[in-house]
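**Student:** Below: sequence and its predicted model.
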Amino acid sequence: MEKITSAEQLKARIAQLENRRSLEEAELRKQFKGLHQALKPSRLIVSAIKDISSSGEVRSTVADAAMGMVAGMVTKRFVTGGSGGFLKKILGEVAEIAVAAGVSKNSEAIRSTISDLVAKFFTKKQTGQQEEKSA
């Protein structure tokens, strides 16, 4: 940096620094607006959902938990019959928790069994349709 020896050099340097400050301030404001937009709750939720959906392991874990919860709720509804006494409600809660845990732990086996059943069902149906067409 050169030494300032005159008033004109001082004014020029001040103008240069003010210009630099205004450019940096504008850039800082732009970055702040971008950060503000990125930290909006809706954007955070969308970002989290994208992260979850891109991770196969997390998606599988969420699907397993959801499958367990649904199976547990259906079991509870079956056990309690929609309404019932105190003991029936307690048994329904216990059954819901037990079934949900069991389904979550064995979800891979349940999935493969269901996919095998679906494959057999559609294979038989397609074979039956082919026989009808050839007759």
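**Tutor:** Yep, that arrived.
**Student:** how near is the spatially most central residue of the chain to residue 41?
**Tutor:** In the chain, the C-alpha closest to the average C-alpha coordinate belongs to residue 49, at a distance of 3.3 Å (C-alpha atoms, centre = their mean). Here the distance between residue 49 and residue 41 works out to 13 Å (C-beta to C-beta, to the nearest Å). (C-beta placed from N, C-alpha, C; glycine too.)
**Student:** In terms of helices and strands, where is residue 11?
**Tutor:** In the assignment (DSSP states H and E), residue 11 maps to helix 7-38.
**Student:** Tell me which other helices or strands that helix touches.
**Tutor:** Of the remaining helices and strands, none touches helix 7-38 by 3 or more C-beta pairs under 8 Å, 6 or more residues apart in numbering; DSSP states H and E.
**Student:** Measure how buried the residue nearest to residue 80 when sequence neighbours are not counted is and give me the count.
**Tutor:** Nearest non-adjacent residue to residue 80, counting by C-beta to C-beta, 6 or more residues apart in numbering: residue 92, 3.9 Å away. Applying other C-beta atoms under 10 Å, we find 20 other residues in the vicinity of residue 92.
**Student:** what does residue 68 give?
**Tutor:** Neighbour count of residue 68, defined by other C-beta under 10 Å: 22.
**Student:** Now do the helices in this structure.
**Tutor:** Per DSSP state H, the chain carries helices over the ranges 7-38, 41-54, 56-80, 86-105, 107-134.
**Student:** is it possible to export the ones you listed to CSV including mean pLDDT?
**Tutor:** As requested, the helices of the chain are arranged in CSV below (pLDDT from 0 to 100):
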stretch, mean pLDDT
helix 7-38, 94
helix 41-54, 78
helix 56-80, 81
helix 86-105, 86
helix 107-134, 72
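**Student:** who are the neighbours in contact with residue 75?
**Tutor:** With contacts defined as C-beta atoms under 8 Å, 6 or more residues apart in numbering, the neighbours of residue 75 are 92, 95-96, 99.
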